[in-house]
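Engineer: whatever this is, show me its structure:
(one chain, ligands or ions: 1)
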Amino acid sequence: MVFCKSMMLTTIIALASCAPVAAPKLAPSTDTISTIDNMAEEDLPKSVDFRKIFPSWYVAVEPFRIVGSETSGVYYVGTEGLAVYLIQTDDGHVVIDGGMPGQGQYVADAIRKLGFDPVDIKILLNSHAHLDHSGGLAALKQLSGAQMIASEGDRSALEGGFYLGSESDTARNAPPVKVDRIIADGEVVEHGGVKLTAHITPGHTRGCTSWTMVVERAGRSHEVLFFCSATVAANRLIGPPQYEGIVDDYRKTFAITKDWQPDMFLSNHPEFFGMAEKRKTQLAGDPEAFVGKGDFPKFITKMAVDFDAGLKKQELKHNAVMSE
Ligand SMILES: [Zn+2]
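Structural biologist: This is a model prediction of the structure:
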């Protein structure tokens, strides 16, 4: 990758412990991307109404091809507020993320709508172990038997189904999913002619993983980035932190990503890269609608500024409490 010159190619294969895997219901598909509202009740968070707080997470989007050709490419199979990606390969599919708990069915239906079979998912990847991106993975794994690949830093949260550092807050739980293979920073997942490189960009979670790949379109190569996240969001940065070393990790991620200039910037929340506007441009006939080298640098610069502001806010609050 042009934008990741200093990556170390190391391989750590660790044996995952056998955490019990919940079995969310996967009803046979009806017609139905609109079945997003038919989530199994037991899979929904118990005490926080995420539907009210984040309604866009539950709004269906017609699945579509972002980039590629008839035989290979990257497709969008998420909702309006939560991205899920399908990558077509010569041997089944790779899927990145699974949406909220209960949305495995939605993703499976979106894949069918594109003319593919979700049973053919061979590899599941995760940007990070928070319920809005990992919630549907167990269901997709159960449906397809796919191999779950994730970072060591996020393994415990995925297999335990909890939000690291907020284990007692069950509203943020997700169905546990067993990790079959651990990837390290710079390691490549190669499958069916597709190569995806893992970049550990920690902070938002301990094992937050961004992925990069090259996609060919009309004789041109596009470097595609699936960025994990760098928002502070619900994370405690101090007193006590969400996890040890979180502030240093955020700073590390801003340093790592400083010079990244992917041709195409995608991420797990569509608003990060202005998906709605780009999709409109694409529908209007622009095949390069999602291409834009300046998009990620602009985004990550703002993230770094927001992080400093978020840290300062938490420090002021912490100091005020301490001096009471
Ligand atoms: Zn998150």
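Engineer: quick one, helices of the stretch 1-150 of the chain?
Structural biologist: 50-53, 104-113, 131-134, 137-144 (DSSP state H, counting those that start in this stretch).
Engineer: my read is that R65 contacts V74, right?
Structural biologist: Yes: assessed by C-beta atoms under 8 Å, R65 is found in contact with V74 at 7.3 Å. Bear in mind the C-beta positions are built from the backbone N, C-alpha and C, glycine included.
Engineer: who's more crowded, these two?
Structural biologist: Between R65 and V74, V74 has the larger neighbour count (other C-beta atoms under 10 Å), namely 24 against 15.
Engineer: residues in contact with the closest residue to that one other than its chain neighbours?
Structural biologist: Nearest residue to V74, sequence neighbours excluded (C-beta to C-beta, 6 or more residues apart in numbering): I66, at 4.8 Å. Taking C-beta atoms under 8 Å, 6 or more residues apart in numbering, we find I66 in contact with G73, V74, Y75, Y76, Y85, M264, L266, F290.
Engineer: just the closest of these to C228, please.
Structural biologist: Relative to C228, the closest of the contacts of I66 is L266; by C-beta to C-beta it sits at 11.2 Å.
Engineer: any low-confidence regions in this protein?
Structural biologist: Along the chain, the parts satisfying pLDDT under 70 run over 1-47.
Engineer: would you mind measuring from I123 to Q105?
Structural biologist: 20 Å (C-beta to C-beta, to the nearest Å).
Engineer: let me fix that, I meant to ask about L143.
Structural biologist: Separation of L143 from Q105 (C-beta to C-beta): 9 Å.
Engineer: who has more neighbours, those two?
Structural biologist: Legend: neighbour count by other C-beta under 10 Å for L143 and Q105, higher for Q105 (27 against 18).
Engineer: isn't the more buried one up against A139?
Structural biologist: Yes: using C-beta under 8 Å, Q105 is in contact with A139, at 6.7 Å.
Engineer: list the contacts of A129.
Structural biologist: By C-beta under 8 Å, 6+ apart, the contact list for A129 reads A150, D154, A157, L158, Y163, L164, A174, T205, G207.
Engineer: burial of the third one, as a residue count?
Structural biologist: Each residue near A157 was counted by other C-beta under 10 Å, and the total is 29.
Engineer: wait, a helix at it?
Structural biologist: Yes: assessed with DSSP: H, G, I helix; E, B strand; the rest coil, A157 lies in a helix.
Engineer: residue contacts, A198?
Structural biologist: S151, I183, A184, D185, G186, E187, V188, V189, T209, S210, W211.
Engineer: what residues sit buried inside the helix or strand hosting the last one?
Structural biologist: Element membership for W211 (DSSP states H and E) is strand 209-217. Of the residues in strand 209-217, those buried under the neighbour-count criterion (16 or more other C-beta atoms under 10 Å) are T209, S210, W211, T212, M213, V215, R217.
Engineer: S229: which of those residues is nearest?
Structural biologist: Distance to S229 across these (C-beta to C-beta) is lowest for S210, with 8.9 Å.
Engineer: what's near enough to touch the closest one?
Structural biologist: S127, A198, H199, T201, L225, F226, F227, C228, T257.
Engineer: cool, and D306?
Structural biologist: T231, V232.
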